[in-house]
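Novice: for reference, the sequence and a predicted model appear below.
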Amino acid sequence: MTANTTPPPPDRWELRLYVAGQTPRSLAAFANLREICETHLEGQYSIEVIDLQQNPQLAAGDQIVAIPTLIRKLPTPMKKIIGDLSNTERVLVGLDLRHID
């Protein structure tokens with residue numbers, strides 16, 4: 001292994017997306033997340049969508065203060081990204097799928 005080689009990706013990514021109903025931002029966040037996952041994680045992921053309009057009590061567990069919010073549960077450590085996930089580069093860096101050069 002050379003010094004510039006990154007370690008192999010984990011076998012499974014567990015992602016949780018907090019939304020508030022079927023708003024345009026919530027729908028955009030889900031669509032953007034699916035596109036990123038299909039492109040960069042190739043079926044090695046699961047997405048759990050939590051609608052805080054239906055289950056507002058679930059926001060406390062992951063300390064959700066804004067929506068939409070993406071939580072990377074696995075691999076650890078946990079990561080949070082707030083917004084509609086339209087900035088693909090920011091999401092990739094936030095999930096540790098791409099490092100800033």
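Specialist: Noted; the coordinates are in hand. Numbers count the residues shown, from 1 in each chain.
Novice: distance check, the closest residue to Leu41 other than its chain neighbours against Leu58.
Specialist: Among residues not flanking Leu41 along the chain, Trp13 sits closest, at 5.5 Å (C-beta to C-beta, 6 or more residues apart in numbering). Every C-beta, even on glycine, is put in place using the N, C-alpha and C of the backbone. To Leu58, Trp13 is 20 Å away according to C-beta to C-beta, to the nearest Å.
Novice: was I right to think Ile82 contacts Ile71?
Specialist: No: using C-beta atoms under 8 Å, Ile82 is not in contact with Ile71, being 10.2 Å away.
Novice: just want to know which of these two has more residues nearby.
Specialist: It is Ile71, of Ile82 and Ile71, that has more neighbours when counted by other C-beta atoms under 10 Å, with 19 against 15.
Novice: that older thread, residue contacts, the residue nearest to Leu41?
Specialist: 37, 41, 44-46, 72, 74-75, 95 (C-beta atoms under 8 Å, 6 or more residues apart in numbering).
Novice: what's it sitting at in phi/psi?
Specialist: phi -110, psi 130 (degrees, to the nearest 10).
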